[in-house]
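A.B. asks: I'll drop the sequence and a predicted model, then ask my questions.
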Amino acid sequence: YQRRVRGSMSLYTIRFVLILDSDGHRILAKYYPQEGELSTEKERQAFENTLLKKTKLQNAEIIMLDKYIIVYKICADVIFYFGGSTEENELVLLTALSSYFEALSHLLRDQIDKRTLYENLDYVLLALDELVDGGILLEADPVEITQRTSLKSKDSDVPLAEQTLPEAWKTAKQQLIKAGRKILELSLIHI
């Protein structure tokens, strides 16, 4: 765990990322706590319930709860939350939330709802991993996050995840043949 002296800057800006449905059920929960913060599942469940009650009927983008500053966005039947300590700059949290939301919007073709998030949980998790690592904001450009997350074939505009099995085999075969030819060419050049 990283210790922080009051008033000093830290790279560990994000303490948690949550996506809850409108009933308070988790779709995604990633915690990056400091020592003694939301360390048990019971504490996390209670915190999430309180957070949902405070934000469900409000139309704000930011709240303070316990010792956290939280930015959130409600979309259809899901709520996205990014939280940090009260000493953090809320603009950094808001930037992280906006970047993540925009990247998911691109990846999921502007269909952000509970069902779509569950069906594309791989993209949801990969995009978050491109954005945050251990509480450190790694990338704030949604286009970059989208590009790193989408598994597109170089020969096709159809993402690998959306190809049928025969199409995926054909793409893999073509890439192996190209790689084999390149290796053969390089070995002939060095002879």
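C.D. replies: Structure's in. What do you need? Nothing here was measured: the structure is a model prediction, and the numbers come from that model. Numbering: from 1, shown residues only.
A.B. asks: quick one: the strands in this structure, in order.
C.D. replies: With DSSP state E as the criterion, the chain has strands at 16-21, 26-31, 62-65, 68-75, 78-85, 132-133, 136-137.
A.B. asks: can I get the fourth one in CSV, CA atoms only?
C.D. replies: In this case it means strand 68-75. What follows is strand 68-75, C-alpha atoms only, in CSV (Å, rounded to 0.1, in the frame of the first residue of the first chain):
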residue,chain,number,x,y,z
TYR,A,68,-14.5,10.1,-0.6
ILE,A,69,-15.2,12.5,-3.5
ILE,A,70,-17.3,10.7,-6.1
VAL,A,71,-18.1,11.5,-9.6
TYR,A,72,-20.9,9.6,-11.3
LYS,A,73,-22.9,9.3,-14.5
ILE,A,74,-26.4,7.8,-14.9
CYS,A,75,-27.1,6.2,-18.2
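A.B. asks: pull the residues that contact that strand.
C.D. replies: 15-16, 51, 55, 61-64, 79-86, 88, 90, 93-94, 97-98, 101, 112-113 (CB atoms under 8 Å, 6 or more residues apart in numbering). All C-beta spots, glycine's among them, are computed from the backbone N, C-alpha and C.
A.B. asks: quick one: terminal-to-terminal distance for stretch 31-46?
C.D. replies: Using CA to CA, to the nearest Å, the end-to-end distance of stretch 31-46 comes out at 14 Å.
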